[in-house]
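**Student:** Okay, predicted coordinates and the sequence, questions at the end:
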Amino acid sequence: MTLSRDLVVAITGASGAAYAIRLLDVLLAAGRTVHLTMSAAAAEVMKYELALDVTPNHVTARQLFPDWDSLAAESPYRTLCPPRLSEVSESGQTATGGQLLTYSNRDYRSGIASGSFLTGGMVVCPCSMGTLSGIASGQSQNLIHRAADVHLKERRKLVLVPRETPLSSIALANMARLSDLGVVILPAMPGFYHQPQSLHDLVDFIVARICDQLGVEHALMRRWGDGSADPTLGGSHKR
C-alpha cells in the first residue's frame, strides 16, 4: 500500500517553537500536505519565544510565516528560525505543491480524528510532558490526543519531540511505555558532530532527524560517514 503524503503536525506548549516552525517550512517545501493543530499553550510559547501573535483555534499561514524582509534584525524569529525554503501563501500553499491545513484543537470532526483518514505519520513538536502523559494514558481530551491515539491504533508512525530537562520518573515511564508501543521518542537534543555554526544549524539538526523518521527527503545537515564530517570528532555510537 502506498503511504499517504499527508502528515499531521501538532504543536504544544513546551519550549522550542522554532523547531515547529522550521519543521512546517521543510515539510511544505517538500510538497507535503500538512494537517496542523496546536494547543493554546503553544500559542503562548510562540508569543514569548518568537514574538508571534497566533490564534490557536484559527491559526493562519501568515501568522506562522510572517514576511521575512519585514522582520527587524533583532527579531527573535529571525534569530531562531532559519530562512524559509519556500514562500508560503496566505492560504497555506507553496509553489512546490505543499499545503497547510489547520484545525482547532477541539475539532473532532476533522479528518485526522479518524483512522479512516489516511496519513503518512504524525509528529508532536515540541511535545509537552502534559501532552505526552495524555497520549500515554489514552485520554483523548483534545484533537492532539485523539490524532495521536489514531496513529497508535492504526499502527502508523508517531513521533514525539519532548523538550524538557531534567526528566522526572513519571515522564521517563511514560516515554518507555510509548516506546514499547512503537512510538518514536525523539528528544530535542541536537548533536554537535556536524560542527554547527549557528542556532539555525542546531534547529535544523532536530528537524532533519524528524524528517528522517517521516520519510521526508532533505539536505538540512551533514550526515555521519558522508565524507564531510570529521571522523575524529566521535559520536555517541563510538562509545
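**Tutor:** Everything's here; your move.
**Student:** rest of the way, CA atoms for contacts and neighbours
**Tutor:** OK.
**Student:** so where do the strands sit in this structure?
**Tutor:** 6-11, 33-38, 99-103, 122-127, 158-162, 184-185 (DSSP state E).
**Student:** gap between the closest residue to Gly115 other than its chain neighbours and Leu202?
**Tutor:** Spatially, and ignoring its direct neighbours in sequence, Gly115 is nearest to Val150 (5.5 Å; Cα to Cα, 6 or more residues apart in numbering). Look at Val150 and Leu202: by Cα to Cα, to the nearest Å, they are 31 Å apart.
**Student:** returning to that earlier point: in terms of contact, does the residue nearest to Gly115 touch Phe117 like I think?
**Tutor:** No: contact criterion Cα atoms under 8 Å: Val150 and Phe117 do not qualify, at 9.5 Å.
**Student:** Of these two, which one has the most company?
**Tutor:** Each of Val150 and Phe117 has its neighbours counted (other Cα atoms under 10 Å); Val150 has more, 21 against 12.
**Student:** Report the contact partners of the more buried one.
**Tutor:** Val150 makes contact with Ile112, Ala113, Ser114, Gly115, according to Cα atoms under 8 Å, 6 or more residues apart in numbering.
**Student:** one step back: closest one to Val59 among the strands of the chain?
**Tutor:** For the strands of the chain, the distance to Val59 is smallest for strand 99-103, at 6.7 Å, taking Cα to Cα.
**Student:** The closest residue to Ser39 other than its chain neighbours: neighbouring residues, count only.
**Tutor:** In this structure, Ser39 finds its nearest non-sequential neighbour in Thr12, 5.2 Å apart by Cα to Cα, 6+ apart. The tally of other residues near Thr12 (other Cα under 10 Å) stands at 29.
**Student:** and Met1, what pLDDT?
**Tutor:** You'll see Met1 listed with a pLDDT of 48.
**Student:** Start the count at 690 instead of 1 going forward.
**Tutor:** Sure, I'll start numbering at 690, so the last one becomes Met690.
**Student:** you'd agree Val715 is up against Leu774?
**Tutor:** Yes: applying Cα under 8 Å as the test, Val715 and Leu774 come out as touching, 6.8 Å apart.
**Student:** the more surrounded of those two?
**Tutor:** Under the criterion of other Cα under 10 Å, the comparison of Val715 against Leu774 puts Val715 first, with 24 against 13.
**Student:** residues of stretch 770-778 that come out buried?
**Tutor:** For stretch 770-778, the buried set under the neighbour-count rule, 16 or more other Cα atoms under 10 Å, comprises Cys770, Pro771, Glu776, Val777.
**Student:** Any buried residues in stretch 745-752, and which?
**Tutor:** Neighbour-count burial for stretch 745-752 flags Pro745, Asn746, Val748, Thr749, Ala750 (criterion: 16+ other Cα under 10 Å).
**Student:** mind showing which ranges of this protein have poor pLDDT?
**Tutor:** Flagging of the chain using pLDDT under 70 yields the residue ranges 690-691, 916-928.
**Student:** Show me where it has its helices.
**Tutor:** Secondary structure of the chain (DSSP state H): helices at 706-718, 729-739, 750-753, 765-769, 818-825, 832-842, 858-869, 888-903.
**Student:** could I get those helices as CSV with distance to Asp796?
**Tutor:** Output for the helices of the chain, formatted as CSV (distance: least, Cα to Cα, whole Å):
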stretch, distance to Asp796
helix 706-718, 20
helix 729-739, 14
helix 750-753, 18
helix 765-769, 29
helix 818-825, 17
helix 832-842, 6
helix 858-869, 25
helix 888-903, 24
